[in-house]
Each structure stands twice: as structure tokens, then as C-alpha cells.
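Undergrad: Below is the sequence, then the predicted model.
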Amino acid sequence: MEKLISIDKAVSKIQDGATIMFGGFMANGSAEKLIDVLVAKNIKNLTIICNDSGLIDKGVGKLIVNKQCTKLIASHIGLNKETGRQMTEGELDVSLVPQGTLVEQIRSGGYGLGGVLTRTGIGTLIEEGKQKVEVDGVTYLLEKPLRADFAIIFGSVVDKYGNIAYHGSTNNFNNVMAAAADITIVEAEKLVEIGELLPNHVVTPGVFVNYIVN
């Protein structure tokens, strides 16, 4: 299958109401070109799963400012004041998840696990309505897997099969999200031929990537 497609064709696969995972940490390692086209297409009623909601003019924050999202699942809202306003006014359903728990829920979704046991949140509002499991006399919360219809991720260097290398901290959530969606689209900062990436430099194997845009 030819994985390299245009950005417009990639975004045309995403419909109103989709659940999308976005890589990035305060917009570092975000797929800015893909996000810009999503904004331009004005695809609505999105549920987005990400570390944070970025900034007003960068990362997934642009989708929130444009009121394309109905639900946000993240570890914090970032420096996007509009996210806070929409949350306070009841315009946006925000589910805040401890960062370590969030990444392990995504990992569970990608690796076919039934969830993750964690003590984070025991004795707080986080435990409300969640199943508890006792192991060797210690009580844990069962946090269920997270998956999405799409993962929109960023790669510093990507070959035409979809193998990805990252520059420094741009890795963040991108790698773990690649396996946790039905369709994974990577935005390549630099596109190279198959074989140009040294095997030891590959972090995300191309088997997890459906489409590549450049």
C-alpha cells in the first residue's frame, strides 16, 4: 500500500465526531500542518486525546479556539486560556487524567492490554466510579485502555514505509499513540527513502503507520 498521500487526502478521511489522538507536549512535536488543515476544513464534534491543549495559536489549541472539539482528554490544559474558559462555561467536556496514567492507558490501548493498575488517585475524586483491584493487600484503581479512530503524530525523520525517528523531546506522546488508533497519520518533517534510516534510530516502526504526509 502506498502510504505517502497529500495532506488534504489524509484529512478527508476524518469526519465529524471522530476521536483523535494528537502527539505533542505544549505543541512541541505537534503535527502543525495537519492541524491547520483540520482547522481549515472545520471538522466538528471532535473528541481529542493529548497531553495538553497547547497554546491558543499553536498545536491542538487551534482546534479548541475554533470550537471544533466537544471533549478533551488530557493531563492538563496547557497555556491555552480558551480551554479553561470553555471548560468553566460548560462549552467543552474536559477530563483531566494524571500524566503517567494517561500514557499507560494509551499504551494499554495500543498493546492490547485490559488496562493498567495504579495507586494514583486513590482517596481522591479520580477514584469515583472506577473499579478497584487489590493485589497483595494493596488497593489499585483499574484505568481502562484508551484508543482512537485516528492518531495524528509528528516525526522528525520518516522513511516511505513510515519508520520514524524523533529529534529529542519531539518523541513525547507521538510514539505511544502510533499503536493506539485505527488509523495513524504521521506528518514528516523530513522524508527519506526506505533504507536511509539506520535501524537503531527507528523509534516507531512503520507497521504502526497507515499514512504519511510531508
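TA: All right, it came through fine.

Undergrad: C-alpha from now on. contacts and neighbour counts both.
TA: Will do.

Undergrad: Identify the residue nearest residue 46 in space, chain neighbours excluded?
TA: Closest residue to residue 46 apart from its sequence neighbours, by C-alpha to C-alpha, 6 or more residues apart in numbering: residue 69 at 4.5 Å.

Undergrad: That neighbour and residue 200, how far apart?
TA: 38 Å (C-alpha to C-alpha, to the nearest Å).

Undergrad: the more surrounded of the two?
TA: Remark: of residue 69 and residue 200, residue 69 carries more neighbours, 23 against 7, as counted by other C-alpha atoms under 10 Å.

Undergrad: Next up, the contacts around the more buried one.
TA: Contacts for residue 69 were tallied using C-alpha atoms under 8 Å, 6 or more residues apart in numbering; they are 44-48, 63, 92.

Undergrad: now residue 151
TA: 20-23, 177-178, 180-185 are the contacts of residue 151 under C-alpha under 8 Å, 6+ apart.

Undergrad: again, but for residue 26
TA: Going by C-alpha under 8 Å, 6+ apart, residue 26 touches 51-55, 59, 78-79.

Undergrad: same question, residue 185
TA: 10, 150-153, 209-213.

Undergrad: same check, this time on residue 150
TA: Contacts for residue 150 were tallied using C-alpha under 8 Å, 6+ apart; they are 14, 18-21, 181-185.

Undergrad: need these in TSV with distance to residue 2 and secondary structure, can you?
TA: As requested, the contacts of residue 150 are exported to TSV (distance: C-alpha to C-alpha, whole Å; DSSP: H, G, I helix; E, B strand; the rest coil):
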residue	distance to residue 2	secondary structure
14	19	coil
18	24	coil
19	24	strand
20	22	strand
21	23	strand
181	19	strand
182	17	strand
183	14	strand
184	14	strand
185	13	strand
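
Undergrad: Show the buried residues in the residues you listed.
TA: 14, 18-21, 181-185 (16 or more other C-alpha atoms under 10 Å).
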